[in-house]
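Enquirer: Sharing a model prediction with you, sequence too.
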Amino acid sequence: MLRDITLGQYYSTESLIHKLDPRVKLWGTCFYIISLFCFKNFVGYLVAMLFLALVIRLSKVPFRFMVKGMKSIVFLLLITVGFNLFLTPGTPVVSLWKLKITWEGIVLASTMALRLSLLIISSSVMTLTTTPNNLTDGMEKMMGPLKLFKLPVHEVAMMMSIALRFIPILLEETDKIMKAQIARGADFESGNLFKRAKAMVPLLVPLFISAFRRANDLAMAMEARCYRGGEGRTKMKPLIYKKQDYLAYAGLLIYFVVSVALGRMTF
Amino acid sequence: MSIILDHINYIYGEDTTTPVHALKDICLQIQDGEFVGIIGHTGSGKSTLMQHLNGLVRATGGHIYYNGEDIYDRDYDMKKLRSKVGLVFQYPEHQLFEIDVFSDVCFGPKNLGLDRKETELRAYDALRKVGLPNELFYQSPFELSGGQKRRVAIAGVLAMKPEVLILDEPTAGLDPKGRDEILQQVKKLQTETGMTILLVSHSMEDVAEYVDRIIVMNDGSVLLEGAPRDVFSHYEELEAVGLAAPQVTYILNEFRKNGLDVDTSAITIGEAAQEIARALHR
Amino acid sequence: MSIIKTKNLTFEYIRRDEEGNVEGITTAVDDVTLNVRAGEFIAILGHNGSGKSTLAKHINAILHPTEGTVWVDGRDTSDESQVWEIRQTAGMVFQNPDNQIIGQVVEEDVGFGPENMGVPTQEIWERVAESLRAVGMYQYRKSSPNKLSGGQKQRVSIAGVLAMHPKCIILDEPTAMLDPNGRREVIRAVRGLNDVEKITVVLITHYMEETIHADRIFVMESGRVAMEGTPKEIFSQVERLKELRLDVPQVTLLAHELKGRGLRLPDGILTTQELVEAMKRNGYL
């Protein structure tokens, strides 16, 4: 059933990481990624790996869920590795026909692969342990200062959370319209690209109309419930830092200083 | 010529931790030219079952025979089946997409690969069969009223000249007037063309006077099956699964309990009044 | 005390063709004058296009009259500065359950109205809990709305309005898209609001059996109030209702039919129980 697809693949369980304020996780992911780009040696990566392993352990999310996120980028990863491996000039180690694998190439390729994998895994730790709703709340709060520059922060966050609510509904609707058109003899699968694009019209037109109708209804329902933008609004679930969040920030700071210090040392 | 469902099972989400057994061992036979009402509440599996009949959903177990041929045979032509078994979905007006009513109705026959003349002939014929006034043929389907849009959508399926027409809750969201008009139109269609009609509904009262046979679905299985008056005589069983027989059934049974010797099988007001008058010797 | 009052309310809109030229004017609501007292249960009946939904949208200040006036709790709805007060006083529940739930979790959706009104956090939680209990949805507070049935979703929508502490709730065909079970659930919840919470209810519907417990019924036909009265008064006019193409409950129809065959029965019988008692009283049973 299409409706069961949950976006951002949240893994529901009780853990310390799940309980953290979304802002901690957002900043954490940010700084973790920055740290990855500061390293000049493998010791830094080693610290980063250990830290991530610790966080995963604390999150109680099975490791295979993290790896699931990797599958989609395996191809990208292989290309990056391949390019770096063969196209980096330096001292050749092996040479196959016209291609040379250099020592520098090996180093660069493995750093790249490590960096990318850690990047992906760390961001999936965030999405796996934070509900989409919490995530938008966190972003809204973090972007708060941007309001000074007249950026519609609240509106963007509201849009995101409404989109998240309607994605499963629209997916189901797509499924239904598709079936209805197939029942009228429509063919979405065969033919060349042009033919297939044309076959999408009977699906897309009703879908857009339905989306507009829903948007219209929703706007009316929101107005009827006194929605008038972010001004003067209170929050049912305000984001308030707790002790655990300050501790997490402290842990993050320690990690950042230690890993970057070690990572930039020359041995 | 008939549709035979032989031990149909349908389980979805088998690879997940919570598989759902949506249809449980369904065995049914639908005769040619029959008008059958499929009753059950949301989640009883009635819509899923209907989607099996034209191959949109494939059973995980069992066989479906259409005119004696197994539709799950490897060389069975699914596309042809879909033109023979027309399925009108719930809120079918949501599938309209063309710039005018007429072109929308042409979509089905065009997909069958018919030439332009035949396509247009069929579209005209279908629109006339659903009783849409001629002056609306070249209007945008989105400017019509709810009931009219629904007729256009039904015509869109009729234009494929199906032998079997399945309507999934064709009256949902319509007012009593619109509901009666659609049901009368469907009945007329069945008597005039001899088409087999399967009508899915959650209201016994609505379909009682139109259908030949009622199939009551509950929790993925067939609970009761038979002529309306036979099914309604099991009103206590229906009650137990949250469905209700028409109010007349309750009234007549109540009268009977209070000592009036009435036959409780009446399904229309007129029949009931006559029966009560007879019992009172008036 | 009057809570909703309309005087000569008329609403017209201009129809345009594809090029934007004026094709004509449609009068959706035509000179409606009515008065709803606080605590009443009002039902507005009529088929699609009779103007009943347009009328409802005026009470919530979503639409403004072309002519005439609408007052909600003494406030004129055409006064821009009063709009939010009016929407808070007269909450509105719409037809499509999917298109009015904003939150991704039931409790968050119910909290949406109070959040907009600037209610303090602690009080929002109290209001949410109490509203969900009032419609019997408290145990689902942590669920995703997508996993609920239609009837449950509508009850969540009602709770969402209830949390704004309105004096009056307008329900615009809340059961049109539901199955019989869902319809029963919703109507039971609505009756509870009126009986227990003493909230004024305006229920718009085309199902007659949902209106038999109302204090008063208005029947709309082409923008006008065609009939007005208690359910008894309305349902005793079977012929007139049939003329308006409305669905009279089977028991009322049967009683009417039996009366036509010479049985002595009172007009406007609404339930099986009533019919049985009347039959007994007159010695038929």
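Expert: Alright, I've got the coordinates. Residues are numbered from 1 along each chain as shown, chains lettered A, B, ... in the order given.

Enquirer: Can you tell me how far C:N181 is from A:Y10?
Expert: Distance, C:N181 to A:Y10, by CB to CB, to the nearest Å: 31 Å. Glycine gets a C-beta too; all of them are placed from N, C-alpha and C.

Enquirer: My understanding was that A:N84 contacts A:L108; is that so?
Expert: Yes. Between A:N84 and A:L108 there is a contact at 4.6 Å, judged by CB atoms under 8 Å.

Enquirer: just the strands in the stretch 151-282 of chain B please.
Expert: Using DSSP state E, counting those that start in this stretch, the strands assigned to the stretch 151-282 of chain B run over residues B:164-168, B:196-201, B:213-218, B:221-226.

Enquirer: name the helices or strands packed onto the second one?
Expert: Translated: strand B:196-201. Counting contacts by 3 or more CB pairs under 8 Å, 6 or more residues apart in numbering or on different chains; DSSP states H and E, strand B:196-201 is packed against strand B:20-31, strand B:35-39, helix B:46-53, strand B:164-168, helix B:176-193.

Enquirer: how about low-confidence regions in the chain?
Expert: Just going to use chain A. Counting by pLDDT under 70, chain A shows low-confidence ranges at A:1-9, A:68-69, A:72, A:267.

Enquirer: Sorry, I should have been clearer: chain C.
Expert: Along chain C, the model assigns pLDDT under 70 to residues C:18.

Enquirer: Contacts only, for the most centrally placed residue in it.
Expert: Nearest to the geometric centre of chain C sits C:L203, at 1.5 Å (CA atoms, centre = their mean). When contacts are counted by CB atoms under 8 Å, 6 or more residues apart in numbering or on different chains, C:L203 is found next to C:F41, C:I42, C:A43, C:I44, C:L171, C:P174, C:V190, C:E210, C:T211, C:A214.

Enquirer: Can you classify it by secondary structure?
Expert: Following DSSP: H, G, I helix; E, B strand; the rest coil, the label given to C:L203 is strand.

Enquirer: just the strands in chain A please.
Expert: Applying DSSP state E to chain A gives strands spanning A:92-96, A:99-102.

Enquirer: Redo these as TSV? Include distance to C:I86 and mean neighbour count.
Expert: As requested, the strands of chain A are arranged in TSV below (distance: least, CB to CB, whole Å; neighbours: other CB atoms under 10 Å in any protein chain shown):
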stretch	distance to C:I86	mean neighbour count
strand A:92-96	78	10
strand A:99-102	75	17
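
Enquirer: For C:E197, find the nearest of these.
Expert: Of all the strands of chain A, strand A:99-102 sits nearest to C:E197, with 77.2 Å by CB to CB.

Enquirer: what about that closest one, distance to the chain center?
Expert: Between the centre of strand A:99-102 and the centre of its chain there are 35 Å (CA atoms, centre = their mean, to the nearest Å).

Enquirer: Show me what that strand pairs with in its sheet, parallel or antiparallel.
Expert: Strand pairing for strand A:99-102, using DSSP bridges, gives strand A:92-96 (antiparallel).

Enquirer: ok, A:G185 - contacts?
Expert: With CB under 8 Å, 6+ apart, A:G185 has these contacts: B:K79, B:R82, B:S83, B:F107, B:G108, B:K110, B:N111, B:L112, B:M160.

Enquirer: where does C:I169 fall, phi/psi-wise?
Expert: phi -120, psi 130 (degrees, to the nearest 10).

Enquirer: Number of residues surrounding it?
Expert: As a burial measure, C:I169 scores 23 neighbours (other CB atoms under 10 Å in any protein chain shown).

Enquirer: what's the residue nearest to it when sequence neighbours are not counted sitting at in phi/psi?
Expert: Leaving aside its chain neighbours, C:I169 sits nearest to C:G91 (5.0 Å; criterion: CB to CB, 6 or more residues apart in numbering or on different chains). Listed backbone geometry of C:G91 is phi -80, psi 160, with angles given as degrees, to the nearest 10.

Enquirer: wait, doesn't C:G91 sit right on C:A159?
Expert: No. Here C:G91 does not reach C:A159: they are 10.6 Å apart, not a contact under CB under 8 Å.

Enquirer: More neighbours: which of these two?
Expert: Just comparing C:G91 and C:A159: by other CB under 10 Å the higher neighbour count belongs to C:A159, 29 against 26.

Enquirer: who's in contact with that one?
Expert: Counting by CB under 8 Å, 6+ apart, C:A159 touches C:V110, C:V128, C:S131, C:L132, C:A134, C:V135, C:M137.

Enquirer: ok, of these, which one's closest to chain B?
Expert: Among the contacts of C:A159, C:M137 lies closest to chain B (CB to the nearest CB), at 17.3 Å.

Enquirer: And for residue 25, the neighbour number?
Expert: Assuming you mean chain A. 25.

Enquirer: that's the other chain; I wanted chain B
Expert: There are 15 residues near B:D25, going by other CB under 10 Å.

Enquirer: Distance check, it against B:K46.
Expert: For B:D25, the distance to B:K46 equals 16 Å [CB to CB].

Enquirer: Number of residues surrounding B:L252?
Expert: When neighbours are counted by other CB under 10 Å, B:L252 registers 26.

Enquirer: isn't it right next to B:E275, touching?
Expert: Yes. Shown here, B:L252 and B:E275 form a contact pair, counting by CB under 8 Å, at 7.2 Å.

Enquirer: Beta-bridge partners for B:I11, please?
Expert: Assessed by DSSP bridges, B:I11 has beta-bridge partners B:H21.

Enquirer: returning to that earlier point: now do the contacts for the residue nearest to C:I169.
Expert: Each residue near C:G91 by CB under 8 Å, 6+ apart is listed here: A:A224, A:R225, C:N60, C:G113, C:V161, C:L162, C:M164, C:P166, C:C168, C:I169, C:I170.

Enquirer: swap in C:I199?
Expert: C:G39, C:L162, C:P166, C:K167, C:C168, C:I169, C:L193.

Enquirer: If we use 7 Å, what do you get?
Expert: C:P166, C:K167, C:C168, C:I169, C:L193 (CB atoms under 7 Å, 6 or more residues apart in numbering or on different chains).

Enquirer: would you turn the residues you listed into JSON lines with distance to C:T271 and secondary structure?
Expert: Converted to JSON lines, the contacts of C:I199 look like this (distance: CB to CB, whole Å; DSSP: H, G, I helix; E, B strand; the rest coil):
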{"residue": "C:P166", "distance to C:T271": "30", "secondary structure": "coil"}
{"residue": "C:K167", "distance to C:T271": "30", "secondary structure": "coil"}
{"residue": "C:C168", "distance to C:T271": "27", "secondary structure": "strand"}
{"residue": "C:I169", "distance to C:T271": "25", "secondary structure": "strand"}
{"residue": "C:L193", "distance to C:T271": "22", "secondary structure": "helix"}
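
Enquirer: for those residues, which one is nearest C:W71?
Expert: The closest of the contacts of C:I199 to C:W71 turns out to be C:C168 (CB to CB; 12.0 Å).

Enquirer: what's the spacing between the residue nearest to the centre of chain C and chain B?
Expert: Between C:L203 and chain B the distance is 15 Å, computed by CB to the nearest CB, to the nearest Å.

Enquirer: That residue bridge partners, please.
Expert: Listed by DSSP bridges, the beta-bridge partners for C:L203 are C:A43, C:L171.
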